[in-house]
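[1] when you get a sec, could you give me coordinates for this:
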Amino acid sequence: MPWKITLLIAAAIAISYFDRQTLSVAIAAIQRDIPIDNTQFSQLQAAFLVAYALMYAGGGKLIDVLGTRKGFAVVMVWWSLACAGHGLANGFGFLAVSRFLLGMGEGGGFPAATKAVAEWFSVRDRSTAMGVINAGTAVGAVLAPPAIAAIIAMSDWRWVFFLAGAVGLVWAAGWLAMVGEPPASESGEGAPSGEWLRLLARKEVLALVIAKFLSDAAWYFYLFWLPKYLYDVRGFDTKKVGYYAWIPYAAAGVGSLLGGWYSSWLLRKGMSVNKARKVALGCSAAVMPVILLVDRSPVDLAIAIFSVAFFGQQSWSTLVMILPTDLVRGRSVGSVAGMVGFGGAIGGMVFGLIVGWVLDHQYGYSPVFAMAGSFHVLAFLLILLAIPRIERLSGH
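    Alright, predicted model coming up:
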């Protein structure tokens, strides 16, 4: 049963990442109907991310209250309808509202996934389970470029959003039909509001929030801007983006699985939770500066470099998302996961707006890659300094 739940949640996360990639991959086709410059493109992603951040924090609380089963169904239906709404857009404003509503729904996905892992899995198996779930990000992102290119070739960009929304509604119906409440479910009672504030006041929790702010600034840049980089700098068309752009996301899926597996393997070998998590996090962060080479590389090598960075990022992400279950328990897990995700989405929003400004002022991608390549290393150093030992926090 737990591994069936894992696969279902991985499928939900895959749908989520497909849906959030729809705009990025279809942007060249959309621009033929709706003019959008780099700054406006960054504003559309900011609309998604500010809603995603708020709902990620509130969504953790919502999942604590509703429980994983009901909460996941609610957020999936919401974001599927919001995704389909993009297909009705007739201007920038409509797209911005649709992105905001999509972010509201998707913000509850990872808090629900984190809580499910805490409810159904032992400490030893949690990082492996989260690795499988986090691999769903890559599955959705891998499918997005070729599938969206094929839909646009056969119809037009609006059907990309209609079909993506329909898939999410089918998943929600299947989830409710196949999944019951978890063992010793604590749904219906969330962490008290005062406790939520006290958790954020702990330096360990605050460090996770800031570390996620830094690392997800890079991740959302890669996620949202890779197709546009290939269109604008490498001269790709939609078909060529569909042919190449899935490769780094496939590497991200491998990173999700191997990062979680490696930490679990170290635990089985007798290493402490503290050391196992930090060794795996350090290995993940160490490969990220390779992105500095991408702007001076031929296209095939550039895709390989992106793939290494995507691998390291999603290995890192799997491990960071499991840390709340190492630090707190029970009703607080969803709330801490929500705060950590909030930090990540705000980081992505802020850096995305910076990227749009940098590009529209003709500075190019080189300074952007220089910043993105440093964020994970800084985040890892922060974790080492602020969390001397990864263990259950006193009183939690």
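[2] which stretches of this protein form strands?
    For the chain, applying DSSP state E gives no strands.
[3] longest helix of it?
    The helix that spans the most residues within the chain, counting by DSSP state H, is helix 123-154.
[4] just the mean pLDDT for that helix, thanks.
    For helix 123-154, the mean per-residue pLDDT is 82.
[5] which other helices and strands contact it?
    The helices and strands touching helix 123-154, judged by 3 or more C-beta pairs under 8 Å, 6 or more residues apart in numbering; DSSP states H and E, are helix 2-30, helix 109-120, helix 157-178, helix 238-244, helix 246-268, helix 299-327. Quick note: C-beta positions are derived from backbone N, CA and C, even for glycine.
[6] and it, which residues are buried?
    Of all the residues in helix 123-154, those buried under the rule 16 or more other C-beta atoms under 10 Å are 125-149, 151-152.
[7] test my guess that Gly165 contacts Met76.
    No. Proximity of Gly165 to Met76 does not meet the contact threshold set by C-beta atoms under 8 Å, at 10.5 Å.
[8] for the residue lying closest to Leu258 once chain neighbours are set aside, give me its contacts.
    In space, and not counting its chain neighbours, Leu258 is closest to Ser315: 6.1 Å by C-beta to C-beta, 6 or more residues apart in numbering. Under the criterion of C-beta atoms under 8 Å, 6 or more residues apart in numbering, the neighbours of Ser315 are Gly255, Ser256, Leu258, Gly259, Tyr262, Ala280, Cys283, Ser284.
[9] quick one, the longest helix of the chain and helix 2-30 angle?
    Interaxial angle of helix 123-154 relative to helix 2-30 (axes from the mean of the first three to the mean of the last three C-alpha atoms, to 10 degrees): 30 degrees.
[10] off-centre distance for helix 123-154?
    Relative to its parent chain, helix 123-154 has a centroid offset of 10 Å by C-alpha atoms, centre = their mean, to the nearest Å.
[11] run through this structure and note the low-pLDDT ranges.
    1, 60, 182-196, 330-331, 334, 394-396 (pLDDT under 70).
[12] grab the most central residue of it for me.
    Nearest to the mean C-alpha position of the chain, by C-alpha atoms, centre = their mean, lies Thr137 at 6.7 Å.
[13] contacting residues around stretch 353-373?
    Outside stretch 353-373, the residues touching it (C-beta under 8 Å, 6+ apart) are 37-43, 46, 217-218, 221-222, 225, 229, 233, 288-292, 294-295, 309, 351.
[14] are any of those residues buried, and which?
    Buried among those (16+ other C-beta under 10 Å): 38, 40-43, 46, 217-218, 221-222, 225, 229, 288-292, 294-295, 309, 351.
[15] okay, and which of the residues you listed map to helices?
    Using DSSP H, the buried ones among the contacts of stretch 353-373 in helices are 38, 40-43, 46, 217-218, 221-222, 225, 229, 309, 351.
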